[in-house]
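S.K.: Quick one, structure for this:
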Amino acid sequence: MPNNASLLNPHLKILIQGKTLTPEIEADLVAVSVFEDLEAPSMFELQLVTWDLVKQEMTWVDDKIFDIGNEVEIQMGYEQDIKTVIVGEITGLEPEYTQDTTPILVVRGHDLRHRLLRGRQTKSFLQMKDSEVVSQIARTRGLTPKVSDSKVKLEYILQHNQTDWEFLQERAGRIGYEVVVDNKTLYFRPHDNNKAKVLTLTYGEDLQEFLPRLSTLSQVQQLEVKGWIPQEKKEVIGKATVGKEGGTMGGSVSGAKAVKKAFGESSYTIVNQPVSSKAEADKMALGQFENGLLSYITGEGTCQGNPDLRAGKVIEIAGIGKKFSGLYYVAIAKHFYSIIQGYQSSFTVRRNAT
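M.R.: Residues are numbered from 1 along each chain as shown. Predicted coordinates:
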């Protein structure tokens, strides 16, 4: 984190098609916001004055620099220490013309996950792993796949009148994976909540507000997946239970352990999802069990602007007592920069233990 003196000098850099903005465009830039989300395409917004007061005419609204499809890279930080917070493409323009204020151009864009939202597909995949299917779809959309091996080969997978995004989210949700795009790389992986922290936010210092919630209502001690294999005429059951949490993020008591101790045995059974093998049932049970545990503690916070605060990263929250201080997984990260307000960040986080 930059020192206190440099916090007075937040810095913003925007590149479009690999080129920095001209001084004229920078002078008309009012505000920039970035919204990163693990469960939806990330977004950015540029607000510019689009009126030449001297010539009494519109300016940037017709400039080719803001053509649909142009690549935009936004970097934020302090003085010379700036980092990329999003790379995306322009997907929309929204001019605002009113009698009371100067005309404004709002330039909107998304990370490359927006390509997965275009068009609906119906197709089948035979004798393939989920990770292999994801790699194939990523390449057709101009993305470089970086996938974690899902290991279980499936007889038949159907994409039924779905966008590629809906389909990949469905496949990821079955096994507790997530679909993330960073620049032109598509990641298909388990939640990265057991990685090392990238920063520490301390209440009373750089952490301005934090509102955590601990809830046991969605926590169970055991999760089962039951299915029927017609060819073999037998039932298959996959189970995940206490002890299979896959890490407790520096804590000692997971949500599953806490609910078992306080309220006794509890389980959740999934019977409405097709299962083709015991291996698939086990994979689904473990993935969805771990995913559910991450809803044990959730929270939202705001802090001084920090470009290291990114969705899919682990951060530490300190200075808020033993139960809630610790490591958290960032699900949503927002960055906002304006000439008047400077640079601010906000976030939504999850944790599976205390």
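S.K.: Which residue ranges of the chain form helices?
M.R.: For the chain, applying DSSP state H gives helices covering 23-28, 130-140, 164-175, 255-263, 278-293.
S.K.: any idea which of the ones you listed is most buried?
M.R.: Stretch with highest mean neighbour count among those: helix 278-293 (a mean of 22; mean count of other CB atoms under 10 Å). No exception for glycine: its C-beta is placed from N, CA and C like everyone else's.
S.K.: Which other helices and strands does that one contact?
M.R.: Packing partners of helix 278-293 (3 or more CB pairs under 8 Å, 6 or more residues apart in numbering; DSSP states H and E): helix 164-175, strand 222-229, strand 234-241, helix 255-263, strand 267-270.
S.K.: Show residues contacting stretch 20-40.
M.R.: Outside stretch 20-40, the residues within contact range by CB atoms under 8 Å, 6 or more residues apart in numbering are 12-15, 42-50, 59-60, 65, 74, 76, 85-86, 104, 113, 169, 178, 180, 310-312, 331-339.
S.K.: What is the end-to-end distance of it?
M.R.: Length of stretch 20-40, first residue to last, CA to CA, to the nearest Å: 28 Å.
S.K.: roughly how far is stretch 176-189 from the heart of the chain?
M.R.: Relative to its chain's centre, stretch 176-189 lies at 9 Å (CA atoms, centre = their mean, to the nearest Å).
S.K.: what's the model's confidence in it, averaged?
M.R.: Average pLDDT, stretch 176-189: 95.
S.K.: Listing request: residues of the protein with sub-threshold pLDDT.
M.R.: Counting by pLDDT under 70, the chain shows low-confidence ranges at 1-8.
S.K.: how's it carved up into domains?
M.R.: 6-112, 116-190, 216-293 (automatic domain parsing).
S.K.: Among those, which comes closest to residue 299?
M.R.: domain 216-293 (13.3 Å; CB to CB).
S.K.: distance between that closest one and the chain's centre?
M.R.: 24 Å.
S.K.: In the chain, where's the longest strand?
M.R.: strand 81-96 (DSSP state E).
S.K.: Same question for that strand: list its buried residues.
M.R.: Neighbour-count burial for strand 81-96 flags 82, 84, 85, 86, 87, 88, 89, 90, 91 (criterion: 16 or more other CB atoms under 10 Å).
S.K.: what does stretch 57-70 give?
M.R.: 59, 60, 61, 66.
S.K.: Pretty sure the first one sits against residue 53.
M.R.: No. At 10.0 Å, residue 59 and residue 53 do not qualify as touching, with contact defined as CB atoms under 8 Å.
S.K.: Skip the chain neighbours and tell me the closest residue to residue 105.
M.R.: Nearest residue to residue 105, sequence neighbours excluded (CB to CB, 6 or more residues apart in numbering): residue 50, at 4.0 Å.
S.K.: so who does that neighbour touch?
M.R.: 28, 58, 59, 60, 61, 95, 103, 104, 105.
S.K.: between those, which is nearest residue 130?
M.R.: Once CB to CB is applied, the member of those that ends up nearest residue 130 is residue 105, at 41.6 Å.
S.K.: list the contacts for that closest one?
M.R.: If you count contacts by CB under 8 Å, 6+ apart, residue 105 has them with 47, 48, 49, 50, 60, 61, 66, 93, 94, 95, 96.
S.K.: cutoff 7 Å now
M.R.: By CB atoms under 7 Å, 6 or more residues apart in numbering, residue 105 lies in contact with 48, 50, 60, 61, 93, 95.
S.K.: Identify the bridge partners of the last one.
M.R.: Here residue 95 sits in beta bridges with residue 105, going by DSSP bridges.
S.K.: I would like the C-alpha coordinates for stretch 53-72, written out in CSV, please.
M.R.: Provided in CSV are the C-alpha atoms of stretch 53-72 (Å, rounded to 0.1, in the frame of the first residue of the first chain):
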residue,chain,number,x,y,z
LEU,A,53,-17.5,25.3,-25.4
VAL,A,54,-15.5,27.4,-27.8
LYS,A,55,-16.7,25.8,-31.1
GLN,A,56,-20.2,25.1,-29.6
GLU,A,57,-20.2,21.6,-31.0
MET,A,58,-20.1,17.9,-30.0
THR,A,59,-16.7,16.3,-29.6
TRP,A,60,-16.0,12.7,-28.5
VAL,A,61,-19.4,11.2,-29.2
ASP,A,62,-18.5,10.7,-32.8
ASP,A,63,-14.7,10.1,-32.3
LYS,A,64,-13.4,6.7,-33.6
ILE,A,65,-11.4,6.3,-30.4
PHE,A,66,-14.7,5.2,-28.7
ASP,A,67,-15.8,2.8,-31.5
ILE,A,68,-17.7,-0.3,-30.4
GLY,A,69,-15.2,-3.2,-30.0
ASN,A,70,-12.1,-1.1,-29.2
GLU,A,71,-10.0,-2.6,-26.5
VAL,A,72,-9.7,-0.6,-23.3
